[in-house]
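1. Fold the following and give me the result.
(2 chains)
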Amino acid sequence: MKTRFTTDTKLESEIAYFENINLKIESGDIIDSFKLAFKTYGKLNADKTNAILVCHALTGDQYVAGNNPITGREGWWSRMVGPNKPIDTNKFFVICSNVLGGCAGSTGPKELQNGSDIAYGGNFPSITIKDMVKAQSLLIESLNIEKLFSVIGGSMGAMQALQWAIDFPDKILNIIHIAGALKHSAQNIAFHEVGRQAIMSDPIWKNGKYFENNEVPERGLSVARMIAHITYLSENAMHRKFGRKLQSRDIISFGFDADFQVESYLRYQGKSFVERFDANSYLYLTRAMDYFDHDETFRKNIEFSHNPNNHLKYLIVSFTSDWLFPTIESKMIVNQLNSLSREVSFLEIDTDKGHDSFLLEEPQLDDVIKGFLTNNFAKIDE
Amino acid sequence: MNKINSIRKDWSLIETLIAEDRKILDIGCGDGGLMEQLENNRNAITHGIELNRDLAANAIARGFNVVHGNAELDLSQYSNNSFDYVILSQTLQAMMKPKDILSELLRIGSKAIVSFPNFGHWKIRLQLLISGKMPVTESLPYTWYDTPNIHFFTIKDFLNLCNEMNIVIEKSIGLTSKGRQFDISESVTGVNFFTHEAIFLLSYKNYEPIKIKSSKKVFAKNSVIAN
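-> You can find the predicted model right below:
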């Protein structure tokens, strides 16, 4: 496999080009060439045993730590990844790539179709979590890394980590799976559908061809983000943060301004999201999550895998107030692994911060991730 | 003996019951202390379950395979005979359904190791006899209204239950309140009186294979799950 690497200075990101690779994806479509934007942190050791792949969630990107030039803010998991952080870049070589179908430099609906000057838009093929992981595996291969020490992710990132365990168990030693599930539930699909309908009913969306007039379906995309954002929090967290407090006023307006702080907050979330995320990408990636389903097949896949997977260690973490990916979903994974006597650890962390907890200050999450990585790495070093 | 010393003593006795290179499930594993000991001294592969969130988190952070969960609800997920030993140290008396737990231990494991404080110890009997109040001792240090120990039983009770469930006691170790160690099965008289804490190595009765003769082949089948 021939891969070309460049550095995109504007994106402050490495780009790997996979040309004429004819990647066959799950839908049956073939992507002849594609590129992945990625960042690395820390140094790969001489034996190449310290590489960790971090998989980002739905609206994440490759900027896991350091500066994100798109938002001008810190990377999305800066509190977790860095020197002396729980995923310690003094010790580990951390790779994070923008998923296939994303909009931060990897091939996706926003990018130009091969050999043309028109973006994919709605012509981009429907991709799945399996396809994203396949693309990541090609990246890891082209970086000449035979085995990843760990694959770590929360939410959609957790789906990718689980997919790694299923598809490429021989190329990894452990996974850390946070706030995920074997399947995307009916309720989750329902919320995604409302978000997609919001985008697609925005007149500017134009069947995904809004870029032709240099327009963005801002209204639709921001409403989609507002809905999704509610699902990432919890009732308690919202109450604690906002209650019924009013925004920049002492009395209610008897109108439809953002009277309440929670309204103002959601509007802000929607507005700032539009500036950094592509509406078509949002459609494709939510769809990829919806299609994720290992409910019936996971146990069989693990038990009868062609690739040896007995060595794999699993750390599964859930949060008490996460109603999008509730603990029961994590426990299903744990139960199935235990029924196969696999080396699995599981912790439900007590917090009221909802699904987003994995991105927020949760000391117990830091402790288990740090300890799990450090101790298991020490074991392979022996 | 104080609580910590008593647990350490318990662990070192449990260790003597375990062969090298075995796969072990420790129920109520705390922060992984016994698991660590058995990995280091017996080269064991260990798994644990712990109900307490903080202890489970500590054990995971220390690198052990520990599932944060409730043994009374979560044992069903393990397959038959998936461990060589299943250990339940000082916890049976706190279980809602001790009998079900016992049968689960021997379903999951070829052997089970169970340790518990003996409610038949003379000090406990004496306390109840003289004061007329529920006994509070070093090994059972709680008042009746806030004790996690909800099923009190004596060695005699335990032996009767094992007999009823066709469980074989392979080895048994008793400890007096002074920490003196003896073999429960060999010292019959008064054993229920002076045993402070008891540790049992259990398995199911290993029936002779039933041989079914046919004209062509001899089939052999164990009538119960046996190690």
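
2. Please count neighbours and contacts with C-alpha atoms only from this point.
-> OK.

3. Show the contacting residues for residue A:181.
-> Residue A:181 makes contact with A:158-159, A:325, A:329-330, A:333 under the criterion C-alpha atoms under 8 Å, 6 or more residues apart in numbering or on different chains.

4. Drop anything exposed from those residues.
-> Buried subset of the contacts of residue A:181 (neighbour count, 16 or more other C-alpha atoms under 10 Å in any protein chain shown): A:158-159, A:325, A:329-330, A:333.

5. would a markdown table of the residues you listed with secondary structure be doable?
-> Shown next, in a markdown table, are these (DSSP: H, G, I helix; E, B strand; the rest coil):
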| residue | secondary structure |
| --- | --- |
| A:158 | helix |
| A:159 | helix |
| A:325 | coil |
| A:329 | helix |
| A:330 | helix |
| A:333 | helix |
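
6. Among the contacts of residue A:181, which one sits closest to residue A:372?
-> Distance to residue A:372, by C-alpha to C-alpha, is smallest for residue A:158 among these, at 16.3 Å.

7. need the helices for the chain, in chain order.
-> Just going to use chain A. With DSSP state H as the definition, chain A shows helices at residue ranges A:129-142, A:156-167, A:186-200, A:218-232, A:235-241, A:261-276, A:279-291, A:298-303, A:327-339, A:363-381.

8. I was after chain B.
-> Secondary structure of chain B, counting by DSSP H: helices at B:3-16, B:33-42, B:53-61, B:71-74, B:98-108, B:122-131, B:155-164, B:191-194.

9. in the last one, what's buried?
-> Of the residues in helix B:191-194, those buried under the neighbour-count criterion (16+ other C-alpha under 10 Å) are B:191-194.

10. which bits of chain B sit near chain A?
-> Residues of chain B lying close to chain A by C-alpha under 8 Å from any C-alpha of the partner chain are B:47, B:53, B:56-58, B:60-68, B:77-79, B:82.

11. Quick one: low-confidence residue ranges for the stretch 251-382 of chain A.
-> For the stretch 251-382 of chain A, applying pLDDT under 70 flags the ranges A:381-382.

12. need the residues of it near chain B, please.
-> A:335-336, A:338-341, A:343-349, A:364, A:367-376.

13. out of those, which are buried?
-> A:335-336, A:338-341, A:343-349, A:364, A:367-376.

14. Walk me through the domains of chain A.
-> A:3-184+A:293-381, A:188-287 (automatic domain parsing).

15. from the ones you listed, which stretch is densest packed?
-> The highest mean neighbour count among the domains of chain A, using mean count of other C-alpha atoms under 10 Å in any protein chain shown, belongs to domain A:3-184+A:293-381: a mean of 20.

16. In chain A, what residue lies closest to chain B?
-> residue A:371 (3.8 Å; C-alpha to the nearest C-alpha).

17. I'd guessed that residue sits against residue B:64; true?
-> No: at 9.6 Å, residue A:371 and residue B:64 do not qualify as touching, with contact defined as C-alpha atoms under 8 Å.

18. Distance from stretch A:248-260 to the middle of the chain?
-> Counting by C-alpha atoms, centre = their mean, to the nearest Å, stretch A:248-260 is centred 36 Å from the centre of its parent chain.

19. And the pLDDT for whichever residue of chain B sits closest to chain A?
-> Of all residues in chain B, residue B:61 sits closest to chain A, at 3.8 Å by C-alpha to the nearest C-alpha. If you check residue B:61, the pLDDT there is 96.

20. One more: residue B:227?
-> According to the model, residue B:227 scores 45 on pLDDT.

21. between the helices of chain A, which one is nearest to residue A:355?
-> Nearest to residue A:355 among these is helix A:218-232; the distance by C-alpha to C-alpha comes to 4.7 Å.

22. Centre of the chain to that closest one, how far?
-> Relative to the chain's own centre, helix A:218-232 is displaced by 17 Å; criterion: C-alpha atoms, centre = their mean.

23. pretty sure residue A:165 is in contact with residue A:177, am I right?
-> No: counting by C-alpha under 8 Å, residue A:165 stays clear of residue A:177, with 10.4 Å between them.

24. Name the residues linked to the residue nearest the centre of chain B by a beta bridge.
-> Note on chain B: the residue nearest the mean C-alpha position is residue B:114, at 1.2 Å, using C-alpha atoms, centre = their mean. Note on residue B:114: beta-bridge partners by DSSP bridges are residue B:88, residue B:200.

25. Contact partners for residue A:226?
-> Residue A:226 neighbours (C-alpha under 8 Å, 6+ apart): A:266-267, A:269-270.

26. try 6 Å this time
-> A:266, A:270 (C-alpha atoms under 6 Å, 6 or more residues apart in numbering or on different chains).

27. ok, the nearest residue to residue B:62 once chain neighbours are set aside to residue B:61 distance?
-> Nearest residue to residue B:62, sequence neighbours excluded (C-alpha to C-alpha, 6 or more residues apart in numbering or on different chains): residue A:371, at 5.6 Å. Using C-alpha to C-alpha, to the nearest Å, one gets 4 Å for the distance from residue A:371 to residue B:61.

28. and what of residue A:16?
-> Residue A:16 is 35 Å from residue B:61, by C-alpha to C-alpha.

29. if we can go back for a sec, want to throw the helices of chain A into a markdown table with distance to residue A:27?
-> Output for the helices of chain A, formatted as a markdown table (distance: least, C-alpha to C-alpha, whole Å):
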| stretch | distance to residue A:27 |
| --- | --- |
| helix A:129-142 | 9 |
| helix A:156-167 | 16 |
| helix A:186-200 | 19 |
| helix A:218-232 | 25 |
| helix A:235-241 | 38 |
| helix A:261-276 | 28 |
| helix A:279-291 | 11 |
| helix A:298-303 | 20 |
| helix A:327-339 | 26 |
| helix A:363-381 | 35 |
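
30. between those helices, which one is nearest to residue A:248?
-> Taking C-alpha to C-alpha, helix A:261-276 is the member of the helices of chain A nearest to residue A:248, at 8.3 Å.

31. looking at chain B, which helix or strand does the model trust least?
-> Lowest mean confidence among the helices and strands of chain B (mean pLDDT, DSSP states H and E): strand B:218-221, at a mean of 51.

32. Residues of the stretch 51-200 of chain A that sit close to chain B?
-> Within the stretch 51-200 of chain A, not a single residue sits near chain B (C-alpha under 6 Å from any C-alpha of the partner chain).

33. quick one: contacts for residue B:27?
-> Here residue B:27 is in contact with B:48-49, B:87-88 (C-alpha under 6 Å, 6+ apart).

34. Please render the contacts of residue A:181 as JSON lines that adds distance to residue A:102 to the earlier fields.
-> Listed next are the contacts of residue A:181 as JSON lines, based on distance: C-alpha to C-alpha, whole Å:
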{"residue": "A:158", "distance to residue A:102": "16"}
{"residue": "A:159", "distance to residue A:102": "16"}
{"residue": "A:325", "distance to residue A:102": "22"}
{"residue": "A:329", "distance to residue A:102": "26"}
{"residue": "A:330", "distance to residue A:102": "26"}
{"residue": "A:333", "distance to residue A:102": "27"}
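
35. Closest one to residue B:39 out of the residues you listed, please.
-> Closest to residue B:39, out of all of the contacts of residue A:181 and judged by C-alpha to C-alpha, is residue A:333, at 25.8 Å.

36. Need the pLDDT of the nearest residue to the closest one once chain neighbours are set aside.
-> Taking C-alpha to C-alpha, 6+ apart, and ignoring the residues beside it in sequence, residue A:333 has residue A:182 as its nearest neighbour in space, at 6.7 Å. The model reports residue A:182 with a pLDDT of 98.
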